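Trainee: sequence isn't available, so here's the structure alone:
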């Protein structure tokens with residue numbers, strides 16, 4: 001499968017699951033565990049913390065507080081640092097449509113709109129959702145050696161991709177751990193397009209630049225362009241294609257999952273990729289920023305109200321239901337692609353030849369098997385959260401939850417995490433500890449909700 005993520009990451013330096021930062025710590029009873037520090041409690045929040053909750057929980061917490069308390073005081077507490085944050089070109093559009101804006105990876109982003117995160121999640125699967133993911137970083141690599149260059153940094157067999165197609169891949173470090181995940185598109189033999197996560201942007205770009213300098217010093221022909229002049233919209237759900245078809249002359253029925261095209265949409269030259277982070281059919285649309293608001297308006301208008309603006313809270317629920325990794329939660333610098341269940345993303349030629357950072361570790365795990373594996377879980381009781389302990393039926397620790405929550409579509413608790421190899425098989429009974437109490441659970445196959453990617457029949 002080819003996916004593109006939430007942004008697919010949480011800022012690594014802030015730990016794991018998203019909750020409020022130390023500057024806007026919610027109560028335990030709001031469903032989001034407090035952050036570790038309160039040193040900036042008077043200044044509002046500057047970012048989303050990665051530990052102790054989820055975007056869905058955060059949205060619920062904010063909604064309850066705005067409903068139950070002095071709204072001006074709550075707004076000051078949660079949004080005091082808004083002026084310090086970057087804003088996408090759709091910021092005013094979000095606010096005008098009731099977007100609840102929260103800090104995320106240095107940006108002010110909508111966590112939800114006027115409807116609940118539960119309703120928004122279900123609507124995306126039944127009709128459609130439009131997401132602003134312009135905080136993510138698109139870039140192009142150019143030159144006759146751009147493919148050999150990128151293959152030094154990622155696990156994919158980029159050379160084997162047909163022009164105009166892409167694949168999910170992972171940037172690895174020298175130990176085989178994941179620096180970030182990205183959708184890598186081979187536009188043509190001398191042009192690569194990729195999107196990296198907002199929370200990983202600085203380290204990813206520094207990593208690419210460092211290796212590019214060394215590569216060029218040896219005579220390699222590669223250069224890059226960072227597409228800060230563009231915005232990124234994700235249109236997801238069963239109505240994505242019929243609605244978008246109203247805005248382009250290109251026959252979308254001939255563009256399949258993971259395909260890439262440069263086409264005119266609503267009068268603007270756009271990079272169109274049939275992909276997404278929800279498990280649904282859909283598109284990511286890189287549009288010149290001066291046309292982004294008009295495109296968003298046109299999509300909503302053509303859907304006759306069925307496609308709704310959808311925030312990061314629902315995006316998190318959707319990706320978890322689809323069993324998709326969130327970098328900073330379900331993958332980190334110490335996690336290998338093999339452990340994360342992304343063995344399929346390692347190209348056959350790459351397995352034989354290596355040639356990417358950390359190849360020795362990763363190829364050894366392919367041969368011998370990893371010591372831990374990512375798995376999916378269903379559980380009773382309250383929803384499991386990041387860092388919830390996983391035990392076997394004898395009470396021994398076998399792993400830890402990395403993402404969890406209540407599924408709006410399945411109406412039950414779901415989670416993913418890492419357990420010792422051998423304990424990852426579907427049907428294995430487990431206990432999951434939530435606030436010190438053990439609840440029954442079981443390993444289950446992912447995705448939790450069947451994917452609906454548009455592929456040739």
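Mentor: Received the coordinates, thanks. Fair warning: this is a prediction, and the values are worked out from it, not measured in the lab.

Trainee: what helices or strands is the longest helix along the chain leaning on?
Mentor: In the chain, with assignment by DSSP state H, the single longest helix is helix 201-217. The contact analysis (3 or more C-beta pairs under 8 Å, 6 or more residues apart in numbering; DSSP states H and E) places helix 201-217 against strand 137-142, helix 146-151, strand 178-188, strand 223-226. Yep, even glycine has a C-beta here, placed from its N, CA and C like the rest.

Trainee: return the most buried member of these.
Mentor: strand 178-188 (a mean of 24; mean count of other C-beta atoms under 10 Å).

Trainee: angle of that strand against helix 201-217?
Mentor: Comparing the axes of strand 178-188 and helix 201-217 via axes from the mean of the first three to the mean of the last three C-alpha atoms, to 10 degrees yields an angle of 60 degrees.

Trainee: how far away from the center of its chain is strand 178-188?
Mentor: In terms of C-alpha atoms, centre = their mean, to the nearest Å, the centre of strand 178-188 is found 13 Å from the chain centre.

Trainee: how big is the angle separating the helix or strand following that strand from strand 137-142?
Mentor: Using DSSP states H and E, the helix or strand that follows strand 178-188 in sequence is strand 191-196. If you take the same axes, to 10 degrees, strand 191-196 sits at 160 degrees to strand 137-142.

Trainee: what helices or strands is strand 191-196 leaning on?
Mentor: The contact analysis (3+ C-beta pairs under 8 Å, 6+ apart) places strand 191-196 against strand 137-142, helix 146-151, strand 178-188.

Trainee: any idea of the mean pLDDT in the longest helix of the chain?
Mentor: Mean pLDDT, computed over helix 201-217, is 98.

Trainee: now swap in stretch 430-440 and tell me
Mentor: 97.

Trainee: list the buried residues of stretch 115-135.
Mentor: If you call a residue buried by 16 or more other C-beta atoms under 10 Å, then stretch 115-135 has these buried ones: 115-118, 120-125, 127-135.

Trainee: can you pull out the low-pLDDT segments for this protein?
Mentor: For the chain, the stretches with pLDDT under 70 are 1-82.

Trainee: need the helices for it, in chain order.
Mentor: 55-68, 71-79, 91-96, 117-126, 146-151, 201-217, 240-245, 292-302, 312-321, 348-353, 359-368.

Trainee: which other helices and strands contact the fifth one?
Mentor: In this structure, helix 146-151 packs against strand 191-196, helix 201-217, with contacts taken as 3+ C-beta pairs under 8 Å, 6+ apart.

Trainee: please repeat the previous calculation with a cut-off of 10 Å.
Mentor: strand 137-142, strand 165-172, strand 178-188, strand 191-196, helix 201-217, strand 223-226, helix 348-353 (3 or more C-beta pairs under 10 Å, 6 or more residues apart in numbering; DSSP states H and E).

Trainee: can I get the ones you listed in JSON lines with distance to residue 375?
Mentor: Output for the helices and strands packed on helix 146-151, formatted as JSON lines (distance: least, C-beta to C-beta, whole Å):
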{"stretch": "strand 137-142", "distance to residue 375": "30"}
{"stretch": "strand 165-172", "distance to residue 375": "19"}
{"stretch": "strand 178-188", "distance to residue 375": "17"}
{"stretch": "strand 191-196", "distance to residue 375": "27"}
{"stretch": "helix 201-217", "distance to residue 375": "27"}
{"stretch": "strand 223-226", "distance to residue 375": "36"}
{"stretch": "helix 348-353", "distance to residue 375": "23"}
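
Trainee: hmm, back to that, quick one: distance of the longest helix of the chain to the chain centre.
Mentor: Averaging C-alpha positions (C-alpha atoms, centre = their mean) puts helix 201-217 23 Å from its chain's average.
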